[in-house]
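Peer 1: Sequence and predicted structure are below.
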Amino acid sequence: MDDQHTNLASTTLRRKLFEGLGRAERALFTRPAPKSPRAQMKFLLTRAKGSTAAVAERLGVSRRTVERYRSGAVKRPQKRLQAALVEETEAQWQPQVRAQARQHAATSGGLVISCRAYFGFGPEGSSDAGRMRDVMTAVSPTHARLILTAQEHGATDDELHEMVAEPIADAYFRKEGGGRAGLHVEFKDLERLDISF
């Protein structure tokens, strides 16, 4: 049962981390992404160099469905396809803006992580005891680079957990050493995670 809870918590962290990074990137867009299903399909086809097969595979539909949306014969996708269109369009929209933000975060700017999760490192009854906390902290470029690289290369759930927990613990709980350099901080039960560049 504990393994199932741990796996679920890790999966939740992974999903929230990737969603948080996606929201942070979308906030940087200088132009709005295409909104209509036809415009989204045309954009995705342009990015796929006209390959209806590639777009169909990414969206989980048939090539014929892609062609019908491109031509405008069909205009209202089902919820699953609409969600896939939005997700794929935003994932591929303004790649240079996204790359510049990632480069800046990894080399000089870092990230700001805001979350609500269970944090603790002290004995029960003390102010350092574990409890749900709202934490907002700047993460160093070194940690930002590790998090962004992990996202790109498909790190395991345990690796992602460590990559998020450690920079928060360093920046928020172990500030400038203060005799707490080796402090183990417990981080679990993530409720909310927001990231900004």
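Peer 2: It's in.
Peer 1: How about the closest residue to A171 other than its chain neighbours: which residues does it bridge to?
Peer 2: If the residues on either side of it in the chain are set aside, A171 comes closest to T137, at 4.2 Å by Cβ to Cβ, 6 or more residues apart in numbering. All C-beta spots, glycine's among them, are computed from the backbone N, C-alpha and C. When bridges are assigned using DSSP bridges, the partners listed for T137 are I113.
Peer 1: residue contacts, T137?
Peer 2: By Cβ atoms under 8 Å, 6 or more residues apart in numbering, the contact set of T137 is V112, I113, S114, P167, I168, A171, Y172.
Peer 1: right, and the first one touches S196 too?
Peer 2: Yes - look at V112 against S196 with Cβ atoms under 8 Å: they come within range, at 4.8 Å.
Peer 1: Run through who's touching stretch 15-27.
Peer 2: The list of residues contacting stretch 15-27 from outside it, by Cβ under 8 Å, 6+ apart, reads 33, 90-91, 97-98, 101, 111, 113, 147-148, 151, 160, 164, 190, 192-197.
Peer 1: what do you get for stretch 115-124?
Peer 2: 128-136, 168, 173, 183-194.
Peer 1: 6 Å instead?
Peer 2: 128-130, 132-135, 183, 185-193 (Cβ atoms under 6 Å, 6 or more residues apart in numbering).
Peer 1: What of stretch 60-77?
Peer 2: Outside stretch 60-77, the residues within contact range by Cβ under 6 Å, 6+ apart are P37, R38, M41, T52, A53, V55, A56.
Peer 1: what do you get for stretch 39-46?
Peer 2: Around stretch 39-46, the neighbours that count as contacts under Cβ under 6 Å, 6+ apart are P34, V55, Y69, R70, L85, E88, T89.
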